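Participant: predicted model and sequence follow; I will ask about them next.
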Amino acid sequence: MRNPRRSSPVRKWLTKALGDRGERAAARYLARVGYKIVTRKHKNRFGEIDLIALDGDCLVFVEVKTRRSDAAGLPVEAIDFKKRRKLTQVALAYLKRHHWLDRSARFDVVTILWPEGSRKPIVEHYRHAFFPVGTGQMFA
């Protein structure tokens, strides 16, 4: 008998579609509050950052978490130590590649709670959500 909790290709596709929809909503929200979106879905050998934006002169690395409900916990709770360390590595590599190690940078988190059947999501924005994790030259 197949385990119903195991991810099927359809479930993975639906999860990715919801995540993509959430990232678009987060980008629209950030643009409305004055951020300039620099890039989306930046990937390097360390991983991926959902959005990179400018808030004035500060470069902001944004992690977006989208959920249908908070039944399994708040979306922001999914960003554990391991995830923060990975995001720090991706961000530091980005800053090094663009020769921006002297630029002010920080990590924000945008959570999107998009209940089934709802046209509008509930958006929460956590500025300075966490400090860089690990060693390196990056400080908020």
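Facilitator: In hand now; what should we look at?
Participant: tally of neighbours for Val123?
Facilitator: Counted by other CB atoms under 10 Å, the residues lying close to Val123 total 19. For every residue, glycine as well, the C-beta is placed using N, CA and C.
Participant: and Arg103, how close does it get to Leu95?
Facilitator: The gap separating Arg103 from Leu95 is 7 Å, by CB to CB, to the nearest Å.
Participant: scratch that, Arg119
Facilitator: The value you get for Arg119 to Leu95, if CB to CB is used, is 38 Å.
Participant: that older thread, overlap of the contact sets of Arg103 and Leu95?
Facilitator: Taking CB atoms under 8 Å, 6 or more residues apart in numbering as the criterion, Arg103 and Leu95 both touch Leu59.
Participant: looking at these two, which one has more neighbours?
Facilitator: The neighbour comparison of Arg103 against Leu95 (other CB under 10 Å) goes to Leu95, with 19 against 13.
Participant: does the more buried one touch Ala105 like I think?
Facilitator: Yes: shown here, Leu95 and Ala105 form a contact pair, counting by CB atoms under 8 Å, at 6.4 Å.
Participant: what segments of this structure are strands?
Facilitator: 36-44, 47-55, 58-67, 105-113, 122-130 (DSSP state E).
Participant: how about these, which one is nearest Val76?
Facilitator: When the strands of the chain are compared by CB to CB, strand 105-113 sits nearest Val76, at 5.2 Å.
Participant: quick one: residues in contact with stretch 98-108.
Facilitator: 57-63, 84, 87-88, 91, 94-95, 125-132, 137-138, 140.
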